[in-house]
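*Asks:* Kindly return the folded structure for what I paste below:
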Amino acid sequence: MRAVGLFWLSLRIGAMNALQYRADFFIQLAQSTIGLGTALAGVAIVFGQTDELGGWRRDELVALIGVFVMVGGLVGVVIRPSMERLMEGVRLGTLDFTLTKPVDAQLLVSVRQVDIWRLMDVALGAAILVFAIAQLGGRVGLAAAAAFAVMLLAGLAIVYSFLLVLATLAFWLVRIENILVIFASMYEAGRWPVGIYPAWLRVALTLLVPVAFAVTIPVESLIGRLEPTTLAGTILLAACFLVVSRWFWRLGLSRYTGASA
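*Replies:* Next comes the predicted model:
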């Protein structure tokens, strides 16, 4: 409940800050619409030449694009801006102000910064996903929907943990802001099923940068392609990521000397 309360407070503060510059709404809307339109146009071009791509049909890929946009929006709303602020706080020594608060420091840095306009990506992605589910018809039952929700949460947990580990490297390295840009570039590959890529890239998008767990696996669970062992393994992996990222965060925090040291 404390985490929810802190996130809600950060969301309100982010909304008040964002509403000072309302032109940003139209800029973000244009960016989100262009990005979504480009992704859907790519699907239309591919399926103008074939009936399936790597075993995926058109409606399934539309669902994948919806999840890709929605997850990207969720990451962009709070996780990525909070990690960027964490790295800046370590570099400038302003993390001191966070550590003095009577709340768990990891929790606070994880919801510290909110980019309210990225909620448009979440809304657009959800709309495309609902449209795709309607096109899939009876193929999506309650069990598939429940598995999708679990896999989506597990995927977000894995991405959050991965970005927290990257941000925690700031305790050892001076300037690593560009490392999140590299992640964003790799995430773009998630707009297509990971299975269509060469073996080396599939490994990279699964083990090195966990894009597959954030996008492809949730959609596979939605359309009934996910094996029970993969579902259980993803949940276990998400738990392991959370534990390891927590350990790494505490290790990095022990090396922090800050401005007040």
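
*Asks:* Need the three-state assignment for the residue positioned nearest the centre of the chain.
*Replies:* With distances taken as Cα atoms, centre = their mean, the chain has residue 75 as the residue nearest its mean C-alpha position (3.8 Å). Classification of residue 75 by DSSP: H, G, I helix; E, B strand; the rest coil places it in helix.

*Asks:* Check the residue lying closest to it once chain neighbours are set aside and give its pLDDT.
*Replies:* The spatially closest residue to residue 75, leaving aside those adjacent along the chain, is residue 159, at 6.1 Å (Cβ to Cβ, 6 or more residues apart in numbering). (Each C-beta comes from the backbone N, C-alpha and C, glycine too.) Among the per-residue scores, residue 159 shows a pLDDT of 93.

*Asks:* how about residue 159, what does it touch?
*Replies:* Listed by Cβ atoms under 8 Å, 6 or more residues apart in numbering, the contact set of residue 159 reads 71, 75, 79, 210, 213-214.

*Asks:* how does it look with 7 Å?
*Replies:* Neighbouring residues of residue 159 by Cβ atoms under 7 Å, 6 or more residues apart in numbering: 75, 210, 214.

*Asks:* Distance check, the residue nearest to the centre of the chain against residue 243.
*Replies:* As defined by Cβ to Cβ, to the nearest Å, residue 75 lies at a distance of 21 Å from residue 243.

*Asks:* Then residue 230?
*Replies:* Shown here: residue 230 relative to residue 243, a distance of 20 Å by Cβ to Cβ.

*Asks:* The two: who's more crowded?
*Replies:* Between residue 230 and residue 243, residue 230 has the larger neighbour count (other Cβ atoms under 10 Å), namely 14 against 11.

*Asks:* which stretch of helix or strand covers that one?
*Replies:* Here residue 230 is covered by helix 228-254, with elements defined by DSSP states H and E.

*Asks:* tell me what that helix is packed against?
*Replies:* Using 3 or more Cβ pairs under 7 Å, 6 or more residues apart in numbering; DSSP states H and E as the contact criterion, the neighbours of helix 228-254 among helices and strands are helix 105-110, helix 142-168.

*Asks:* roughly how far out does the first one sit from the chain middle?
*Replies:* Centroid separation for helix 105-110 versus its chain: 17 Å, with Cα atoms, centre = their mean, to the nearest Å.

*Asks:* That one: which residues count as buried?
*Replies:* Of the residues in helix 105-110, those buried under the neighbour-count criterion (16 or more other Cβ atoms under 10 Å) are 105-106, 108-110.

*Asks:* Dump those residues to TSV, plus distance to residue 25.
*Replies:* Formatted as TSV, the buried residues of helix 105-110 follow (distance: Cβ to Cβ, whole Å):
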residue	distance to residue 25
105	32
106	31
108	28
109	27
110	25
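
*Asks:* got any ranges where this structure has weak pLDDT?
*Replies:* 1-4, 6-7, 11, 14, 18-22, 138-139, 258-261 (pLDDT under 70).

*Asks:* hmm, 90 instead?
*Replies:* By pLDDT under 90, the low-scoring segments of the chain are 1-60, 76-79, 81-82, 84-121, 132-145, 170-212, 222-228, 230, 252-261.

*Asks:* in it, which spans are helices?
*Replies:* Secondary structure of the chain (DSSP state H): helices located at 2-18, 23-46, 58-74, 80-92, 96-99, 105-110, 119-136, 142-168, 178-187, 199-203, 211-214, 216-222, 228-254.

*Asks:* Let me know the angle separating the last one from helix 80-92.
*Replies:* So that's helix 228-254. Going by axes from the mean of the first three to the mean of the last three Cα atoms, to 10 degrees, helix 228-254 is angled at 30 degrees with respect to helix 80-92.

*Asks:* Lovely, talk soon.
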